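1. Prediction below, plus the sequence it came from.
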Amino acid sequence: MLISVNTSRCLRTLILPVTSLLMLSCQPESFSTPVDAGLTQVETSSPQEQEFLGLPPSPTDPFVINTFEVDQVKVVPIVTGLANPWGMAFRQNGDILITERYTGKLRVVRAGKLLAEDVSGVPEVYSDVFRAGLMAVAVHPDDDQIVYLTYTKSIIHEDEPNQSVALTRARLVEDRLIDVEEIFVAKGVDSAIAASALLFTADKKLLMSVGGAYVFAATGEYAQDPDVHYGKLLRLNDDGSAANDNPYFSSGEYLPEVYSLGHRNQLGLAVHPETGDLWASENGPQGGDEANIIQPGANYGWPLVSFSRQYRGDWVSPAPWRAEFESPTVMWWPSIAPAGITFYDGEHFPKWQGNLFVASLLEGRIPHTGHLERIVFNSRGEEIRREGLLRNLRHRIRDVQQGPDGYLYVLTDEVDGMLLRLEPTPN
């Protein structure tokens, strides 16, 4: 059964210093905003909470949405019942690997079904506090039985229990991990809120973001600290060692794994299919979310410059930019909490070629406002339009990726999380 969803679309223009023009999309929906009910600190909703708040139930049947360039896009729920999924990776045999943050489980979607048993052999994951847990998953470009995972790890630091971010490599054989090896642990400590993303590039180097420069007063300075990995983007060999052509490999100015610095929390990494530019999404506290084109050795300024406010309301920095720091390529105000990102270059949606898709967890710190954002650029790479999709779901959108089949796949970060596929509807 197909359920048709009619959405109206509008665009509003906002002039901001970061660019000459930002086009922010709005997409009025056919429901009223629920009463907060004191749940602003609740990151995800159970089915019972959804009913209490008057939110729509998670769909189980395909439904259709209309977008600015493409009408009748079919949204297909592939699987439900994922417990706060974080990341996904595609294998050549059609399997989709999905991490669950708080359970610490690696799940497998096979032939459109979620396997009942999770993958065994996953390393021990620390998930005792909010936002800690199992995060990114990637497969080796030459052998997709080799799986990489990032996660929060318990450590002892100065005789006290603490946490860091670790990277493990293993071989996936018959739905179990063997030859499990922890190949990298981030230097520094964190209160388990450091986000991490993974991406293999064309040169078969592994990019790994390590967030954790999260709270300005407490941990923001990590992003500029030469002796820790927090607030940095790292570039590694496939064995977890530092790539020897990294910008600081020999200088000693920063740790040899560092590829760029001055970041807060990077949740998404993607390479532009035509230019080869590396892009990263980055969360600000209140506003000032960014998407950046990453240059090797560049400093992106956090927390010395930012367009964002601290959670208590005052500005993070006296000035939003300085000449010695890279300015954001794309910025959001209010915040949309950008997570996974991908550029579309598949054949199913020709009008979306080159568009940047951004997973949004919530907008303006308002619960249940997550969506999938589509950003359109002109031939010079300048932004000309944004559009918000899947707002009716009222889910936190955690990740978006283009699958090997050329369709877009979307993960929703809920207690009853979903894997969705976007397809064109045949004429």
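-> The structure has been received and is ready for your questions.
2. for the residue nearest to Q266 when sequence neighbours are not counted, what are its contacts?
-> Leaving aside its chain neighbours, Q266 sits nearest to S209 (3.8 Å; criterion: CB to CB, 6 or more residues apart in numbering). In this view, the C-beta of every residue, glycine as well, is placed from N, C-alpha and C. By CB atoms under 8 Å, 6 or more residues apart in numbering, S209 lies in contact with A195, S196, A197, K232, L233, L234, H263, Q266, L267, L269, A280.
3. quick one, what contacts the third one?
-> To tie it back to what came earlier, the one meant is A197. Contacts of A197 by CB under 8 Å, 6+ apart are 87, 135-136, 150, 207-209, 266-269, 280, 340.
4. measure it to V271 for me?
-> 13 Å (CB to CB, to the nearest Å).
5. circling back to that earlier point, from the contacts of A197, pick the one nearest P62.
-> P62 has its nearest neighbour among those in G340, at 22.2 Å by CB to CB.
6. That closest one reaches Y409, doesn't it?
-> No. Using CB atoms under 8 Å, G340 is not in contact with Y409; the gap is 10.0 Å.
7. Spit out the residues that contact these two alike.
-> Joint contacts of G340 and Y409 (CB under 8 Å, 6+ apart) are V400, Q401.
8. okay, these two: which has more neighbours?
-> Neighbour comparison, G340 and Y409: the larger count goes to G340, with 26 against 22 (by other CB atoms under 10 Å).
9. what helix or strand does the residue nearest to N246 when sequence neighbours are not counted sit in?
-> Once flanking residues are discounted, N246 sits nearest to R235: 5.4 Å by CB to CB, 6+ apart. R235 is part of strand 232-236, with elements assigned from DSSP states H and E.
10. That strand: what's the following helix or strand?
-> Strand 232-236 is succeeded, C-terminally, by strand 258-261 (DSSP H and E).
11. can you give me the offset of the next helix or strand after that following strand from its chain's centre?
-> Sequence-wise, the next helix or strand downstream of strand 258-261 (DSSP H and E) is strand 266-271. Its chain's C-alpha centre and that of strand 266-271 lie 6 Å apart, by CA atoms, centre = their mean, to the nearest Å.
12. next one: stretch 391-407
-> 11 Å.
13. Quick one: mean pLDDT over it.
-> On average, the pLDDT along stretch 391-407 is 97.
14. try stretch 205-217
-> 83.
15. quick one, what contacts the nearest residue to N299 once chain neighbours are set aside?
-> For N299, ignoring the flanking residues on the chain, the nearest one in space by CB to CB, 6+ apart is G262 at 4.3 Å. When contacts are counted by CB under 8 Å, 6+ apart, G262 touches A223, Q224, G231, A298, N299, Y300, G301, W302, L304, F325, E326.
16. Now G262: phi and psi?
-> G262 has phi and psi values of phi 80, psi 30 when expressed as degrees, to the nearest 10.
17. Look up how far G231 lies from it.
-> Taking CB to CB, one finds G262 at 7 Å from G231.
18. what is in contact with those two at once?
-> With CB under 8 Å, 6+ apart, G262 and G231 have common neighbours A223, Q224, W302.
19. now the helices for the stretch 1-150 of the chain?
-> Using DSSP state H, counting those that start in this stretch, the helices of the stretch 1-150 of the chain run over 47-52.
20. for it, what are the low-confidence residue spans?
-> 1-54 (pLDDT under 70).
21. could you pull out the strands for it?
-> Remark: strands assigned in the stretch 1-150 of the chain by DSSP state E, counting those that start in this stretch are 3-4, 10-16, 19-26, 63-65, 73-82, 85-90, 96-100, 105-110, 113-114, 134-139, 146-157.
22. ok, the nearest residue to V330 once chain neighbours are set aside - contacts?
-> Using CB to CB, 6+ apart and skipping residues adjacent in sequence, the residue nearest V330 is A291, 3.9 Å away. The contact partners of A291, by CB under 8 Å, 6+ apart, come to 279-282, 328-331, 338, 341, 356, 358, 375.
23. May I have the beta-bridge partners of A291?
-> S281, V330 (DSSP bridges).
24. Give me the mean pLDDT for the biggest strand by length in the chain.
-> Ranked by residue count, the top strand of the chain under DSSP state E comes out as strand 160-173. On average, the pLDDT along strand 160-173 is 95.
25. what's the offset of that strand from the middle of its chain?
-> With CA atoms, centre = their mean, you get 19 Å for strand 160-173.
26. Make 48 the starting number, not 1.
-> Sounds good: first residue 48 from here, last item strand 207-220.
27. Now it - C-alpha only, CSV.
-> Extracted C-alpha coordinates of strand 207-220, given in CSV (Å, rounded to 0.1, in the frame of the first residue of the first chain):
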residue,chain,number,x,y,z
GLU,A,207,40.9,7.1,37.6
PRO,A,208,38.3,5.4,35.3
ASN,A,209,37.6,7.4,32.2
GLN,A,210,36.7,7.0,28.5
SER,A,211,38.3,7.4,25.1
VAL,A,212,37.4,6.6,21.5
ALA,A,213,38.8,3.4,20.0
LEU,A,214,39.1,1.9,16.5
THR,A,215,38.9,-1.9,16.1
ARG,A,216,39.5,-4.0,12.9
ALA,A,217,38.1,-7.5,12.5
ARG,A,218,37.1,-10.0,9.9
LEU,A,219,33.5,-10.8,9.5
VAL,A,220,32.9,-14.5,8.8
